[in-house]
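> Sequence and predicted structure are below.
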Amino acid sequence: MKRVLSGIKPSGELNIGGYGGALHRFASMQEDYECYFFVPDLHAITVPQDPRRLFQRSKEIAAYYVAAGVDPAKATIFVQSHVAAHAELNWLLETQAHFGELARMTQFKDKSHGKDAVSSALFTYPVLMAADILLYRATHVPVGDDQKQHLELTRDLAERFNHRFAPVFALPEPIIPEIGSRIMGLDDPSKKMSKSNPNRNSCVLLQDDPDVVRRKLAKAVTDSEGVVRYDWERKPEVSNLIEIYAVFSGDDVAAIERRFEGVGYGQFKRELAEAVIAKLEPIQRRFRELVDSEELVGILKDGAAKAAETANDTLLKAKRALGLFTIG
Ligand code: TYM
């Protein structure tokens, strides 16, 4: 059975990078895969969070899943900390993970660089991510390009465990699309569009009003050539905008180049903004209805119960394989 698991951390405000790399693909996957979409709140607390904001943001991410078309009748939607098996399998896998392989993770190096109070959980973060995936025996994991290394580690840990003990885990494949898996900052195409960038104009947020979207995209950096052409080597700024257009319009790159042939960047950016707004508006409407609703709480309760069934089954198998004294 093909099974998908993915999640978006409730840290910072969701931007169109996370939409391109992950969220916009979730709804279409639920037709072909058994899907689990979760809110990795335990991952968010590996760096300092304001507790009240974290609480609200966890609801927001779950609401965005549903608002973007994930159907709770088809997919399981839940919050990581509601399913205790994640933390438990994390510990079991930590006993199999090597210090050296974790020290090689580029995200850890980036996030810890120059900081002196780095939590040990930030270091072992990828092991928890492996636990998330392996608990559900996910075969496919839709993510952006920045998660590739974590997926490789997940496969290594699964293989190591299966080989040493018993074949408990499935080996997951990342699903990283050619277009949209690496959306860069609007102010600097050498940096990933990120929740943690303090420059508000560097990214379009999922909650931005139409006028804000128009303003931010109008300000996006371009080059002086005035030609809408996809070429990451020579034209990273424009290539990034073309990718955003492709994600939001569903058109392919060649069609976008043809459409904007002989047209300046001004018009391209205006049409790009309208394509983004057209997709975001219905999502924002549904999001507002859901975010503080009882309906959402109900979805997450059901989701946690369903997720726990699968997760607990795998956890028990992993404990038995390790030789822990299990009862029942
Ligand atoms: P997170 O919360 O940083 O990002 C969520 C998803 O969005 C993708 N993404 C991007 N894609 C394209 N361009 C961007 N600028 C961009 N920014 C973010 C990310 O690649 C990701 O797919 N560790 C994960 C959360 C997680 C997870 C998991 C994901 C925890 N456990 C298990 C999948 C499976 C993270 O921090 O994603």
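Right, received. Where do you want to start? Residues are numbered from 1 along each chain as shown.
> Within range of the ligand, give me the residues from the stretch 151-300 of the chain.
Counting by CB under 6 Å from any ligand atom, the residues of the stretch 151-300 of the chain close to the ligand are 181-183, 192-193. Placement of C-beta: from N, CA and C, glycine included.
> from the stretch 201-328 of the chain, which residue is nearest to the ligand?
Closest approach between the stretch 201-328 of the chain and the ligand, counting by CB to the nearest ligand atom: Cys203, at 7.9 Å.
> could you pull out the helices for this structure?
16-18, 24-29, 41-44, 51-67, 85-94, 99-103, 106-112, 120-135, 148-164, 210-219, 236-249, 253-259, 265-290, 294-322 (DSSP state H).
> Would you mind finding the most buried of those helices?
helix 16-18 (a mean of 25; mean count of other CB atoms under 10 Å).
> Can you confirm whether that helix lies near the ligand?
Yes - contact of helix 16-18 with the ligand (CB under 6 Å from any ligand atom) involves 17-18.
> before we move on, the earlier item: wait, doesn't the residue of the stretch 201-328 of the chain closest to the ligand sit right on Met184?
No - applying CB atoms under 8 Å as the test, Cys203 and Met184 come out as separate, 9.6 Å apart.
> Now the common contact residues for the two.
Common contacts of Cys203 and Met184, defined by CB atoms under 8 Å, 6 or more residues apart in numbering, comprise Met193.
> show me the contacts for the residue in the stretch 1-150 of the chain that the ligand sits nearest to.
Using CB to the nearest ligand atom, the single residue of the stretch 1-150 of the chain nearest to the ligand is Gly21, 2.0 Å away. Gly21 makes contact with 143-146, 177, 180-183, according to CB under 8 Å, 6+ apart.
> For Gln267, see how far away Phe161 is.
55 Å (CB to CB, to the nearest Å).
> follow-up on the earlier one: report pLDDT for the residue of the stretch 201-328 of the chain closest to the ligand.
Cys203 carries a pLDDT value of 96.
> do the same with Asp116
Predicted confidence (pLDDT) at Asp116: the value is 87.
> residues from the stretch 1-150 of the chain in reach of the ligand?
Taking CB under 6 Å from any ligand atom as the criterion, the stretch 1-150 of the chain approaches the ligand at residues 5-9, 17-18, 20-22, 40, 43, 129, 132-133, 141, 143-144, 146-147.
> burial of the residue of the stretch 201-328 of the chain closest to the ligand, as a residue count?
25 (other CB atoms under 10 Å).
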